[in-house]
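*Asks:* Let me see the structure of the following:
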Amino acid sequence: MDETNSPRRAWRRLLVTGVAGAAALGLATATSAAADTSVATASAVTVGLLGGTAVTSGTGTASNSGSQATQNSGATPALSVLNGQSGISAGVLAQTAVARADGSSAACAGLVGAGGTITVGADGECTPSGGGPGGVQLTVGGLVVIKADAVLATCTATSAGVTTGSVKLLGVSATVLGLGGGTTNVSATAAENSGIDLSLAGLPVAQVLTRATTRPTAGSITVNALKVVVLGKTVYASIGTVTCGANAKTVPTNALPGPAAPLSAAALAVLGWRFRRPVLHALSARSGSRG
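*Replies:* Take a look at the predicted model:
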């Protein structure tokens, strides 16, 4: 046997062992990238009887696992989906939900004038465009007529648990039909969970609820732009309902199970003990050749 090759083989074996051990240890400590999840829903209109059946424009849902491109659910359903029971005589249904891989989500829904559309920006802001003044009109329970340029609810949420909710009540008025009825303008800057009472001949006949906001769980928010409830008939119309969150922040975890790192270190120790003799021999031979 060539004595000069023996130390070289020992060093080679030591190098291979070290590389393999380092690789194992690297795998044990490698972490997966954070993949924050997000979700949002949007529904333009629901009309029905309190505690009874309802017709709805449906609900658009966008969700993201954190490893996908931005997910969009945007639609302008035809009024025909409401089976002629909505009381809407003018306007366009609009509902859009967006879920991004960074753990943020946004939604916007409601009614805009004919020819109008909505756009959800990168910051979650909902912007209506097109549609003329007074382009939205619906009658609720044959008693209350709502007219508007646009009625929209919007929300945003992040995986950090931050939520926002707002409404756009543009040019909204409520008129009570019949002798002694009247028209009431609805504030465009409504506070959360506000509303007005409508009366006919001095008697309350309906309520208009604006910017109804709830936070079902930590990190989630639901906003309804406008809801009209006709008293006595228990008929209602709900315009623009959106929900954002709860979005989850994913904490990076070890690629290998928790015990993997200690096991890898232990494996290195075992390998070191296994090859101690050739290593010592190589070191001695190398020292002797230098002497």
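
*Asks:* Run through this protein and note the low-pLDDT ranges.
*Replies:* 1-34, 53, 252-291 (pLDDT under 70).

*Asks:* in it, which spans are helices?
*Replies:* Listed in chain order, the helices of the chain (DSSP state H) span residues 5-29, 260-274, 276-290.

*Asks:* Spatially nearest residue to residue 161 (excluding sequence neighbours)?
*Replies:* Spatially, and ignoring its direct neighbours in sequence, residue 161 is nearest to residue 219 (4.1 Å; C-beta to C-beta, 6 or more residues apart in numbering). Using the backbone N, CA and C atoms, a C-beta is placed for each residue, glycine as well.

*Asks:* if I pick that neighbour, what's in contact with it?
*Replies:* Residues in contact with residue 219 (C-beta atoms under 8 Å, 6 or more residues apart in numbering) are 157, 159, 161, 163, 245, 246, 247.

*Asks:* can you pull the contacts of residue 248?
*Replies:* So residue 248 contacts 36, 37, 103, 159 (C-beta under 8 Å, 6+ apart).

*Asks:* Residue 82 against residue 46, yeah?
*Replies:* No: between residue 82 and residue 46 there is no contact under C-beta atoms under 8 Å: 9.2 Å.

*Asks:* Centre of the chain to stretch 236-250, how far?
*Replies:* Centroid separation for stretch 236-250 versus its chain: 8 Å, with C-alpha atoms, centre = their mean, to the nearest Å.

*Asks:* Same question for it: list its buried residues.
*Replies:* 236-248 (16 or more other C-beta atoms under 10 Å).

*Asks:* just stretch 52-68 next, same as before
*Replies:* So for stretch 52-68, counting by 16+ other C-beta under 10 Å, buried means 56, 57, 58, 59, 60, 61, 62, 63, 64, 66.

*Asks:* what do you get for stretch 156-175?
*Replies:* Applying 16+ other C-beta under 10 Å to stretch 156-175 flags 156-159, 163-172, 174 as buried.

*Asks:* thinking again about what came up before, if we take the contacts of residue 248, which one ends up nearest to residue 132?
*Replies:* Closest approach to residue 132 among these (C-beta to C-beta): residue 103, at 38.3 Å.

*Asks:* biggest separation within the buried residues of stretch 156-175, which pair?
*Replies:* 159 and 174 (38.8 Å).

*Asks:* residue contacts, residue 155?
*Replies:* Taking C-beta under 8 Å, 6+ apart, we find residue 155 in contact with 40, 106-107, 124, 163-166, 221-223, 242-244.

*Asks:* on that earlier part again, present the contacts of residue 248 as TSV; the columns should include distance to residue 209.
*Replies:* Shown next, in TSV, are the contacts of residue 248 (distance: C-beta to C-beta, whole Å):
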residue	distance to residue 209
36	33
37	32
103	31
159	31
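
*Asks:* From residue 136, how far out is the closest residue in space to residue 57 that isn't next to it in sequence?
*Replies:* Leaving aside its chain neighbours, residue 57 sits nearest to residue 44 (4.1 Å; criterion: C-beta to C-beta, 6+ apart). According to C-beta to C-beta, to the nearest Å, residue 44 stands 11 Å off from residue 136.

*Asks:* Which neighbours do the two have in common?
*Replies:* With C-beta under 8 Å, 6+ apart, residue 44 and residue 136 have common neighbours residue 111.

*Asks:* Among the two, which residue is more densely surrounded?
*Replies:* Set residue 44 next to residue 136 and count neighbours by other C-beta atoms under 10 Å: residue 44 wins out with 36 against 28.
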